[in-house]
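**Student:** Just need the structure, nothing else, for what follows:
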Amino acid sequence: MLAERKDSQSKMVLYTNTGCKMLYYSVDLTEGTLVPRGSVTLPSIVQYAWPHTSRHYLYVACSSQKTQPENPRHCLATLRIDPLTGQLTPHGEPVPLPARPIHLTSDMPSEHVLVAFSVPSGVQVFRINPDFTIGVEVSQLDVLDYGVFAHQIRITPDNRHAILVTRGVSATKRSIEKPGALKIFRYHQGVLSPETSIAPDGGFGFGPRHLDFHPAKPWVYVSLERQNKLYTYKVQDGILAADPAFRNETLARPERKRTRQMAGAIHIHPNGRFVYVANRADGAVYLDGGRYFAGGENNIAVYEIDQCTGEPKLIQHADTRKVYPRTFDIDPSGRLMVVQNTVPVALHDGSAVPAGITSFRIGEDGRLSRVSEIDLGGDKETMQWLGLLALPKLNAEASICQP
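**Tutor:** Below is the predicted model:
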């Protein structure tokens, strides 16, 4: 039996990874500081994670495909979260997966976990057992169209639909473009069935990466990786409209877009007044026999949302002072943003920018002010995910038993 908590306030923890290690930090929301507390080692490199609605368990998708392409290991693991400290410990045995998982989520009651795969594009659904471990896979009744290069799977707030965000693939000198789409499925107790596909112009020139739902209004915001755009969709009868209501640039200088300039993760502020999109650049130039960062925008684009129409208005680009902000998160109180920057680069002047974490304080006006930076020894192949979690509040008399 764990010791009793002496206060009724929840603690905030940050989880992030370098390779197979999931690191965790305690978070001071007042100061915006992060204090390292420990780590746990997973079977292979962390790709993404999602908490059980109770916040006592964390489901983690892992893969070594990027670092061990000849003998990769893919799996879905369950970690128990200590409600007092946030410490993670393995819970049950990992479940093997057929390919590299790119994203996962649970349904609203956390009765099932949905895992998305990019190559081949697909989704698997698993039941969550009464002891919170991963159970059997749910068989799907239909042959489903999973599009091209899935990158995110989300369940709608009403728990009635699943949206698979498929990025597509840009054209190269050797191959034609493969279209992107938002694949929408009806969802019921782990079973997916076809509903509709949103793919403007057949999905050509449409490369969505991630989406997020407004917490109170029928609006969905989508980042387009390949076009560096933010699209706003209205929800009608539970389904996204075929055409976006608003189209916005994500870049401060779109006319100077580099080859390796991409929009990324997207999150809406808990109060629903602001939306944030990551801009990433990691292109290289070769000069004087060396490989150096070619420049570009590595920042968080900040938009204020019109609460009557849903239209986002760009108000800031906050520089992360590092390179390739792959993922970020906002604490539930809306006071702090933490960004994971995954690419260490060399600069032509002889200096270097390491991979690591940038923290921002979020103002009442939604704007970001940088608080701190932490350097980490990872890179784009080994740093994949970051998330903030408020531990469950416990009363002074409450005690928690080990499951």
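
**Student:** Name the SS class of residue 201, please.
**Tutor:** The three-state label given to residue 201 by DSSP: H, G, I helix; E, B strand; the rest coil is helix.

**Student:** Beta-bridge partners for residue 229, please?
**Tutor:** For residue 229, the beta-bridge partners under DSSP bridges are residue 224, residue 249.

**Student:** Could you measure from it over to residue 304?
**Tutor:** Summarising the geometry, the distance separating residue 229 from residue 304, computed by C-beta to C-beta, to the nearest Å, is 18 Å. Where you see a C-beta, it was placed from the backbone N, CA and C, and this is true even at glycine.

**Student:** Wasn't residue 50 part of a strand?
**Tutor:** Yes - under three-state DSSP, residue 50 falls within a strand.

**Student:** Would you enumerate the residues in contact with it?
**Tutor:** Counting by C-beta atoms under 8 Å, 6 or more residues apart in numbering, residue 50 makes contact with 58, 59, 104, 105, 106, 113.

**Student:** that older thread, so between residue 229 and residue 304, which is more surrounded?
**Tutor:** When residue 229 is set against residue 304 and neighbours are counted by other C-beta atoms under 10 Å, the residue ahead is residue 229, at 22 against 18.

**Student:** Quick check: the two most widely separated of the contacts of residue 50?
**Tutor:** The largest separation in these, counting by C-beta to C-beta, is between 58 and 105 at 12.6 Å.

**Student:** which of those two has more neighbours?
**Tutor:** Between residue 58 and residue 105, counted using other C-beta under 10 Å, residue 58 has the larger neighbour count: 23 against 19.

**Student:** from memory that one sits against residue 15, does it?
**Tutor:** Yes - distance between residue 58 and residue 15: 7.1 Å, which falls inside the contact criterion (C-beta atoms under 8 Å).

**Student:** Find residues that contact each of these two.
**Tutor:** Common neighbours of residue 58 and residue 15, counting by C-beta under 8 Å, 6+ apart, are 49, 88, 389.

**Student:** Need those residues in CSV (columns: pLDDT).
**Tutor:** As requested, those are arranged in CSV below (pLDDT from 0 to 100):
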residue, pLDDT
49, 98
88, 97
389, 97
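
**Student:** Output those in a markdown table; the columns should cover distance to residue 337 and neighbour count.
**Tutor:** Listed next are the shared contacts of residue 58 and residue 15 as a markdown table, based on distance: C-beta to C-beta, whole Å; neighbours: other C-beta atoms under 10 Å:
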| residue | distance to residue 337 | neighbour count |
| --- | --- | --- |
| 49 | 18 | 24 |
| 88 | 22 | 23 |
| 389 | 14 | 22 |
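
**Student:** what's the closest of these to residue 153?
**Tutor:** residue 49 (13.7 Å).

**Student:** can you pull the contacts of that closest one?
**Tutor:** Contacts for residue 49 were tallied using C-beta under 8 Å, 6+ apart; they are 15, 22, 58, 59, 60, 61, 104, 385, 387.

**Student:** outside of the helix or strand harbouring the last one, which residues touch it?
**Tutor:** It stands for residue 387. Residue 387 is part of strand 386-390, with elements assigned from DSSP states H and E. Contacting residues not belonging to strand 386-390 are listed as 10-17, 27, 49, 51, 55, 58, 81, 86, 327-332, 336, 338-340, 357 [C-beta under 8 Å, 6+ apart].

**Student:** Show me how far that strand is from its chain's centre.
**Tutor:** Relative to the mean C-alpha coordinate of its chain, strand 386-390 is positioned 11 Å out (C-alpha atoms, centre = their mean, to the nearest Å).

**Student:** where's residue 115, which helix or strand?
**Tutor:** Counting by DSSP H and E, the secondary-structure element that holds residue 115 is strand 112-117.

**Student:** which helices and strands does that strand pack with?
**Tutor:** Contacts defined by 3 or more C-beta pairs under 8 Å, 6 or more residues apart in numbering; DSSP states H and E place strand 112-117 against strand 101-106, strand 122-128, strand 150-155.

**Student:** Please identify the most buried of those.
**Tutor:** strand 150-155 (a mean of 23; mean count of other C-beta atoms under 10 Å).

**Student:** Give me the number of neighbouring residues for the closest residue to residue 122 other than its chain neighbours.
**Tutor:** Spatial nearest neighbour of residue 122, excluding adjacent residues (C-beta to C-beta, 6 or more residues apart in numbering): residue 146 at 4.8 Å. With neighbours defined by other C-beta under 10 Å, the count for residue 146 comes to 20.

**Student:** what's the answer for the one 10 residues further on, then?
**Tutor:** For residue 156, the number of neighbouring residues by other C-beta under 10 Å comes to 19.

**Student:** Surely it touches residue 238?
**Tutor:** Yes - Residue 156 is in contact with residue 238 according to C-beta under 8 Å; the separation is 7.2 Å.

**Student:** now residue 41: how far from residue 284?
**Tutor:** Residue 41 sits 31 Å away from residue 284 when distances are taken as C-beta to C-beta.

**Student:** Give me the pLDDT value at the closest residue to residue 107 other than its chain neighbours.
**Tutor:** In space, residue 107 comes closest to residue 155 once its chain neighbours are excluded; the distance is 5.0 Å by C-beta to C-beta, 6+ apart. Residue 155 is assigned 98 on the pLDDT scale.

**Student:** is residue 155 in a bridge, and if so with what?
**Tutor:** residue 162.

**Student:** who are the neighbours in contact with it?
**Tutor:** For residue 155, the contacting residues are 105, 106, 107, 108, 114, 161, 162, 163, 187, by C-beta under 8 Å, 6+ apart.

**Student:** which element is the fourth one on?
**Tutor:** Which is residue 108. Per DSSP H and E: nothing holds residue 108, as it lies in no helix or strand.

**Student:** Touching, it and residue 52? I think so.
**Tutor:** No - contact status for residue 108 versus residue 52: not in contact, 11.6 Å apart, counting by C-beta under 8 Å.
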